[in-house]
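Colleague: Quick one: sequence plus predicted model below, questions after.
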Amino acid sequence: MDVQFEVVSLSVPEGANIIVGQSHFIKTVEDLAEIMAASVPGVKYGLAFNEASGPCLVRTEGTDGDLVKAAQDCALAVGAGHTFYLILGNIFPINVLDRIKACPEVCGIYCATANPVQVVVARTTLGRGIMGVIDGEPPKGVEGPAEKAERKGLLRRFGYKFA
């Protein structure tokens, strides 16, 4: 059996975050939409899910047309069955990730990030699958005391840690 590999760069709107995951059932689309609605009032998001059997359609939901279109474009570019692409406009993955991982259809999360993302895709005669993701850049060094203080200050400014 031949396997061919391809690297797909995902296009995410400026300032947005993306969660890329794998699930096993078309019910994922509505369940993730309900999780988004219940998690953050007024959330802006776009969701696309690649169906892996039957009509094999990209199924979409969302509250922002541009984000839905961006998620759809990611789903089509990767083309791997039973994967989903959730683009977040006005919230961060940390606000919804635990609930998404607890969704019964979700098998796993590949990444949750605002960084540039490349997806490593394998193609066989059956279809396409995600082998992994490249999330951002490689390390440029190791933090010292100044960078450690900066990191801790950033988390407190964002409200994720107390003084």
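Modeller: All right, it came through fine. Predicted model only: the values in this text are computed from it and were never measured.
Colleague: To which secondary structure element type does Ala75 belong?
Modeller: Under the three-state scheme (DSSP: H, G, I helix; E, B strand; the rest coil), Ala75 adopts helix.
Colleague: what sits against it?
Modeller: Counting by CB atoms under 8 Å, 6 or more residues apart in numbering, Ala75 makes contact with 48-50, 58, 83-85. Heads up, the C-betas are built off the backbone N, CA and C, glycines and all.
Colleague: show me where this structure has helices.
Modeller: Using DSSP state H, the helices of the chain run over 28-39, 65-78, 97-102, 145-157.
Colleague: Is it possible to get CSV of these that adds distance to Ile18?
Modeller: Shown next, in CSV, are the helices of the chain (distance: least, CB to CB, whole Å):
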stretch, distance to Ile18
helix 28-39, 13
helix 65-78, 7
helix 97-102, 12
helix 145-157, 21
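Colleague: so which of those helices comes closest to Glu14?
Modeller: Nearest to Glu14 among the helices of the chain is helix 65-78; the distance by CB to CB comes to 10.6 Å.
Colleague: still on that earlier bit, of the contacts of Ala75, closest to Leu97?
Modeller: Within the set of the contacts of Ala75, Phe84 lies nearest Leu97; the separation is 13.2 Å, counting by CB to CB.
Colleague: how close does the closest residue to Glu143 other than its chain neighbours sit to Arg157?
Modeller: Of all residues beyond its chain neighbours, the one nearest Glu143 is Arg151 (6.9 Å), with distances taken as CB to CB, 6 or more residues apart in numbering. Going from Arg151 to Arg157 by CB to CB, to the nearest Å gives 11 Å.
Colleague: And for Lys44?
Modeller: According to CB to CB, Lys44 and Arg157 sit 23 Å apart.
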